[in-house]
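> Fold the stuff below for me.
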Amino acid sequence: MAWIELPDPSTAQGSLADAFAAGEARYGQVLQTWRAVGMVEGAFEAYLPYLSAVVGPGRVPIRVKDLSALRVAVLNRCRYTISHRVASARRNDLDERDILAMGDPAAAELDEPLAAAVAFTDAVTLSPPTTSYLDVPQAVAPDVLVRCKAVFDEHQIAELTLSISLWNALARFHRVLGLDLDMPPPPPELEPR
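Residues are numbered from 1 along each chain as shown. Got it, this is the predicted structure:
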């Protein structure tokens, strides 16, 4: 159960009501995360276009971007975000083995672009709070940066970094608020521990 009381979408007014209606028309429901974001005046109206720009088709293959986002959710131990990212990966017809591999990518045989993206995802998600700026100003170890540059161009690196950063913010937002699932539960292998 959500830690805070989320507003009833039917009481939304003005541009928020319009944004909720557009989201519901596109996805078939008003998601818990939308209701929470909608509590911050003006945020939801910018949220869906921004989210669509970051997670939609771009220069990074959707397979890499979807699985990276799922890895962020797993690392943040956010059940809500995991359920959403698994649903997205399945909608995009990703291989179930790749989806489940995001629980323990070291044990999987990933192709190099995905393996490099996962190593980068892990570093961007886990390193900043524990890595000294004086030792590693970018928070990501130089070998991980080199590995990424070997398979992605500058535009792809910017896109992937933005996606990882967005999902870190959302996973933390979702987890702290304790949002109820509005997608199918995660597979047992990806349930947070």
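> which residues in the chain form helices?
14-27, 32-37, 43-55, 62-75, 79-91, 96-101, 112-126, 142-151, 154-177 (DSSP state H).
> Check which residues of the last one are buried.
Of the residues in helix 154-177, those buried under the neighbour-count criterion (16 or more other Cβ atoms under 10 Å) are 156-157, 159-164, 166-168, 170-171, 173-175, 177. Using the backbone N, CA and C atoms, a C-beta is placed for each residue, glycine as well.
> Quick check: buried residues in the helix or strand of the chain with the lowest mean pLDDT?
Ranking every helix and strand in the chain by mean pLDDT, DSSP states H and E puts helix 14-27 at the bottom, with a mean of 84. For helix 14-27, burial by neighbour count (16+ other Cβ under 10 Å) applies to Leu16, Ala19, Phe20, Gly23.
> who touches that helix?
Pro9, Ala12, Val30, Leu31, Trp34, Gly38, Phe44, Glu45, Tyr47, Leu48 (Cβ atoms under 8 Å, 6 or more residues apart in numbering).
> rewinding a little: would you format the helices of the chain as CSV with distance to Leu190 included?
Shown next, in CSV, are those (distance: least, Cβ to Cβ, whole Å):
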stretch, distance to Leu190
helix 14-27, 22
helix 32-37, 18
helix 43-55, 19
helix 62-75, 6
helix 79-91, 5
helix 96-101, 7
helix 112-126, 14
helix 142-151, 23
helix 154-177, 13
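> Which residue would you name as the spatial centre of the chain?
Nearest residue to the geometric centre of the chain (Cα atoms, centre = their mean): Trp167, 3.2 Å.
> Leaving out chain neighbours, which residue sits closest to that one?
Nearest non-adjacent residue to Trp167, counting by Cβ to Cβ, 6 or more residues apart in numbering: Val72, 3.9 Å away.
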